[in-house]
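Asks: Pasting a predicted model and its sequence here:
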Amino acid sequence: MESNIISPCITVCRTDPVSGYCYGCGRSNSDKQLWKNESTTDEWKINNLKELESRLSGWQLEAFKKSYEHKKIHGISLLKKKLLESKK
């Protein structure tokens, strides 16, 4: 059965050299690998999403929530949407 939980990547994809977490989604490299692994459970993904939100704060958390929600509904992050629009 395929998971309905989509990756939290919001197309920022830059890692903070101090914390090791992505500036956009808050994932570590280990988290990213587990999201790609077919055997990773939905339970782990749900718990990881909660953990990611605890790593982010302020405008960064709000930007993540807004972009991730857009991605869940429309299949594309807000940044990717803007990048595609700017190429038109």
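Replies: Structure received. What you see is a predicted model, and the numbers here were worked out from it, not measured in a lab. Numbers count the residues shown, from 1 in each chain.

Asks: Name the SS class of residue 5, please.
Replies: Three-state call for residue 5 (DSSP: H, G, I helix; E, B strand; the rest coil): coil.

Asks: Verify the stated contact: it with residue 43.
Replies: No - under the criterion of CB atoms under 8 Å, residue 5 makes no contact with residue 43, lying 9.9 Å away. Using the backbone N, CA and C atoms, a C-beta is placed for each residue, glycine as well.

Asks: which of these two has more neighbours?
Replies: Higher neighbour count among residue 5 and residue 43: residue 5, with 16 against 9, using other CB atoms under 10 Å.

Asks: Give the helix, strand or coil label for the residue nearest to the more buried one when sequence neighbours are not counted.
Replies: Distance criterion CB to CB, 6 or more residues apart in numbering; nearest residue to residue 5, sequence neighbours excluded, is residue 45 at 4.6 Å. Secondary structure, three-state DSSP: residue 45 is helix.

Asks: So that it lines up with my notes, have the first residue be 31 from now on.
Replies: From this message on, residue numbering opens at 31, which makes the last subject residue 75.

Asks: What pLDDT does the model give the closest residue to residue 52 other than its chain neighbours?
Replies: Excluding the flanking residues, the one nearest residue 52 by CB to CB, 6+ apart is residue 45, at 5.5 Å. pLDDT, residue 45: 96.
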